[in-house]
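A.B. asks: Provide a 3D model corresponding to the input given below.
(chains A and B)
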Amino acid sequence: MMLAESALTQFLGLYNYWVVIFLMMTGFYIVIASENLIKTVIGLNIFQTSVFLLYITMGKVTGGTAPILKSGDAHGHDDHGHDPHGNGPGPESGQDASHAVDEHAVNETVNSVVPVSFEEHLATGAEQQLYTNPLPSVLMLTAIVVGIATTALALALIVRIREEYGTIEEDEILELDRNS
Amino acid sequence: MIEQNLPILPIVLPLLSAPLFVLVGHRKLVYPLALIVAWSVFAVVVALTGQVIQSGPIQYEIGGWSSPYGIVYVVDYLSAFVMLFVSALGAIVLTYAPASIAQEIPYSKHYLFYASFLLCMTGLLGMCITGDLFNVFVFLEISSLASYALISLGKSRRAPLASLHYLILGTIGATFFLIGIGLLYQMTGTLNMADIASKVNTTDGPRTTLVAFAFMTVGLCIKMAVFPLHTWLPNAYTYAPSAVTSFIAATATKVSVYAFIRLVFGIFTPQFAFEQLPLDQALMIFALIGIFVASTAAIYQTNIKRLLAFSSVAQIGYMLLGISMNSMDGLSAGIVHMFNHAIIKGGLFMVVGCFALRIGSVYIDDLKGAGKTMPFTSFAWAVGGLGLIGVPVTAGFVSKWMLLTSALQNNWWPVAILMLLSSLLAVVYIWRVVEALYFSEPSERAARATEAPSSMLIPTYLVIFSTLVFGCWTDYSAGLARLAAQSLLGMTDMGGMP
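C.D. replies: Down below sits the predicted model:
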């Protein structure tokens, strides 16, 4: 009973990854099985999108917020020691980070890759802002651009194929080629 | 100032000039500009190689961000070696291109051809120079997208479909590579290759490492056109414009082989790939099957572009065979074969471009008797063909000899015998064309043909003769490849540059 329950929670806990795998296989299947060129390109898109989701999932830290340095933090650098509450806009402006902790936070933005380091943080008891790893999201911005370029190019090629052959069904095109 | 920023120039120069060409949009202006850019990139790479030979690997931190956080460019023996022939062939093919593309590409698209060509070069050079794994993916896609566009410029109506097939398979390959990068990043929290290599646990790590390696290997195998995954290649090479085929056939697959070597020897260790995993046997088997199947397929082709394309698939097999031997000699044989095959195949495709220009066809039947009307072009085919077979005094012999000796060192007798047999297949398909050129009644088209213009013959002969030069004088080909293999396998330099 306990075993089944933990297996279930593990299964549900990896929910995103199951979606990734499902999307990946769906897209891959469409690419392989479809004779229609447009559908193939759509399949390719789904396949690529699953990878975006994979990256974003791995960057997510439970309970983490967006990785934005609050202006309070930057303030602390400029004139630490006086009026820390000054320009804190967010609800967490009560963080009142001391200069030392601040610097740690700045280092963390560069270093915050392995979730373990966050746990260390929680252990020290410092009231730190927990944020999601921004790097995978940034990488995916690049990958999205690549995906758009690929799709645009593929569609342009399909337009030319349609002009030449009058069809976008691959078997019909091959048939036309064989007869010519 | 320039000397410090040398490593960034081979990327920035062509990358920035490509959009500039589109803005200028005038062929008379674009062509000289493209030539200047291509040759200056080659000059920069030569200077970089000189620096590497003199004072060891160069690290260049982009924007001054230090190594694991920022992106670094690394020039070591291997990357300098690969960049050297990529940029050289890029510059030579570009010099050769105008007469060829004037016939094969509509005039209004010439400036786009030059822009895409330089983008393709950027991507290939970038894949070699970067020390950041995600950057490899980005550059891989830059070069791939540019080459899809270039292939679709072909005159035949089948060109767009060939290009689309390449696009679909290429994108799947690149996405597999991206998945692998993601999993590695998940394991190590870094994208810098050297950093990953030091952090990844290849001995008893979780299975994620294995999955990442598998995804990246399969992804790169598609781009390398390893035997069962080569289906995109013959059509793409056949229907692309001749100048494009010369450049892509000479460089694109080799750069993917380079990325694969980096992956196996630079990031994961050969112990992981070859001892824990049976990748060496797998590679060897696929390489040998590929060599035989593709060479046999080449024999039955009537279109010499397609013939050479199948031969390219076979030659990739030789490179992988060298890598799979997991020894110093095998690896350096694989690396030097990348270079030798690049110049041989680049040269041969340039010869095909000359035939296509003057005879208007690349079918063997139409080439019959061209030996009389196009003596220089036909002779270039013969010399290049000897190189492809691996006759002594040609570059092809050097690498095949190195492969053979290292196969014997490993006591792989059957492999050595199979390699010799496969060279006989190459004799057959090269000879079929030579026979048609010299010993057949001239076809109608060949009888009317005239010798190719010197603007194409000179670059062609430059490449074809270099196969002879590098067949006799191997300091900078086999010598550099050996240094590269030594540094990859972590051995100390024995004597430095010969």
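
A.B. asks: quick one: contacts for A:Gln48?
C.D. replies: A:Gly27, A:Ala143, A:Gly147, A:Thr150, B:Thr171, B:Thr175 (CB atoms under 8 Å, 6 or more residues apart in numbering or on different chains). C-betas here are computed from N, CA, C, even on glycine.

A.B. asks: for the second one, give me the pLDDT.
C.D. replies: At A:Ala143, the model reports a pLDDT of 94.

A.B. asks: what helices and strands are in contact with the one helix or strand it maps to?
C.D. replies: A:Ala143 belongs to helix A:134-165 when assigned by DSSP states H and E. When contacts are defined as 3 or more CB pairs under 8 Å, 6 or more residues apart in numbering or on different chains; DSSP states H and E, helix A:134-165 packs onto helix A:37-59, helix A:170-179, helix B:133-152, helix B:159-188.

A.B. asks: which one is B:Ala159 nearest to, not counting chain neighbours?
C.D. replies: Counting by CB to CB, 6 or more residues apart in numbering or on different chains, B:Ala159 lies nearest to B:Tyr239, which is 4.1 Å off, once chain neighbours are set aside.

A.B. asks: tell me, how many residues neighbour that neighbour?
C.D. replies: 24 (other CB atoms under 10 Å in any protein chain shown).

A.B. asks: next up, the contacts around the closest residue in space to B:Ile389 that isn't next to it in sequence.
C.D. replies: Closest residue in space to B:Ile389, ignoring its immediate chain neighbours: B:Ala426 at 4.6 Å, by CB to CB, 6+ apart. For B:Ala426, the contacting residues are B:Ser295, B:Ser311, B:Ala314, B:Leu388, B:Ile389, B:Gly390, by CB under 8 Å, 6+ apart.

A.B. asks: same question, B:Thr175
C.D. replies: A:Phe47, A:Gln48, A:Val51, B:Gly219.

A.B. asks: and the gap between it and B:Leu483?
C.D. replies: Distance, B:Thr175 to B:Leu483, by CB to CB, to the nearest Å: 34 Å.

A.B. asks: how close does the residue in the stretch 101-250 of chain B that chain A sits nearest to sit to B:Ser108?
C.D. replies: Nearest to chain A, among the residues of the stretch 101-250 of chain B, is B:Gly189, at 3.4 Å (CB to the nearest CB). Distance, B:Gly189 to B:Ser108, using CB to CB: 50 Å.

A.B. asks: quick one, which of those two is more surrounded?
C.D. replies: It is B:Gly189, of B:Gly189 and B:Ser108, that has more neighbours when counted by other CB under 10 Å, with 20 against 9.

A.B. asks: doesn't B:Ala97 make contact with B:Ala243?
C.D. replies: Yes - B:Ala243 lies in contact with B:Ala97 (CB atoms under 8 Å); the separation is 4.1 Å.

A.B. asks: near chain B, which residues of chain A?
C.D. replies: A:28, A:31, A:37, A:40-41, A:44, A:47-48, A:51, A:54-55, A:58, A:110, A:113-114, A:136, A:139, A:142-143, A:146, A:149-150, A:153-154, A:157-158, A:160-161, A:164-165, A:173, A:177 (CB under 8 Å from any CB of the partner chain).

A.B. asks: which among these end up buried?
C.D. replies: Among the residues of chain A next to chain B, those classed as buried by 16 or more other CB atoms under 10 Å in any protein chain shown are A:28, A:31, A:37, A:40-41, A:44, A:47-48, A:51, A:54-55, A:58, A:113-114, A:136, A:139, A:143, A:146, A:150, A:153-154, A:157-158, A:160-161, A:164-165, A:173.

A.B. asks: give the contact list for the residue nearest to B:Ala159.
C.D. replies: Going by CB under 8 Å, 6+ apart, B:Tyr239 touches B:Ile151, B:Gly154, B:Ser156, B:Arg158, B:Ala159, B:Ala162, B:Ser163.

A.B. asks: now render those residues as CSV, adding pLDDT and neighbour count.
C.D. replies: As requested, those are exported to CSV (pLDDT from 0 to 100; neighbours: other CB atoms under 10 Å in any protein chain shown):
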residue, pLDDT, neighbour count
B:Ile151, 94, 29
B:Gly154, 90, 22
B:Ser156, 87, 15
B:Arg158, 91, 18
B:Ala159, 93, 25
B:Ala162, 93, 24
B:Ser163, 95, 29
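
A.B. asks: if we can go back for a sec, what are the phi and psi values for the residue of the stretch 101-250 of chain B closest to chain A?
C.D. replies: The phi/psi pair for B:Gly189 (degrees, to the nearest 10) reads phi 70, psi 20.

A.B. asks: equivalent analysis for B:Gly369, please.
C.D. replies: The phi/psi pair for B:Gly369 (degrees, to the nearest 10) is phi 80, psi 10.

A.B. asks: where does chain B have low pLDDT?
C.D. replies: Scanning chain B for pLDDT under 70 picks out B:1, B:491-498.

A.B. asks: residues from it in reach of chain A?
C.D. replies: Chain B comes close to chain A at residues B:69, B:134, B:137-138, B:141, B:145, B:148-149, B:152, B:157-158, B:160-161, B:163-164, B:167-168, B:171-172, B:174-175, B:178-179, B:182, B:185-186, B:189-190, as judged by CB under 8 Å from any CB.

A.B. asks: kindly give a single ChimeraX line that selects the buried subset of those residues.
C.D. replies: A single ChimeraX command selects the buried members of the residues of chain B next to chain A (16+ other CB under 10 Å):
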select /B:134,137,138,141,145,148,149,152,157,158,160,161,163,164,167,168,171,172,174,175,178,179,182,185,186,189,190
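
A.B. asks: coming back round to it: let's have the helices and strands packed on helix A:134-165 in TSV, adding distance to B:Trp39.
C.D. replies: Formatted as TSV, the helices and strands packed on helix A:134-165 follow (distance: least, CB to CB, whole Å):
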stretch	distance to B:Trp39
helix A:37-59	37
helix A:170-179	40
helix B:133-152	19
helix B:159-188	28
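
A.B. asks: closest one to B:Gln103 among those?
C.D. replies: Nearest of the helices and strands packed on helix A:134-165 to B:Gln103, taken as CB to CB: helix B:159-188 at 14.7 Å.

A.B. asks: who does the helix or strand following that closest one touch, helix- and strand-wise?
C.D. replies: Following helix B:159-188 in sequence order, the next helix or strand is helix B:193-199 (DSSP H and E). Judged by 3+ CB pairs under 8 Å, 6+ apart, the packing partners of helix B:193-199 are helix B:159-188.

A.B. asks: which one's more surrounded, B:Ala243 and B:Ala97?
C.D. replies: Using other CB under 10 Å as the criterion, B:Ala243 and B:Ala97 rank with B:Ala97 on top: 30 against 27.

A.B. asks: report the secondary structure state of the more buried one.
C.D. replies: helix (DSSP: H, G, I helix; E, B strand; the rest coil).

A.B. asks: is it true that it touches B:Leu153?
C.D. replies: No - if you go by CB under 8 Å, B:Ala97 and B:Leu153 don't touch, sitting 11.6 Å apart.
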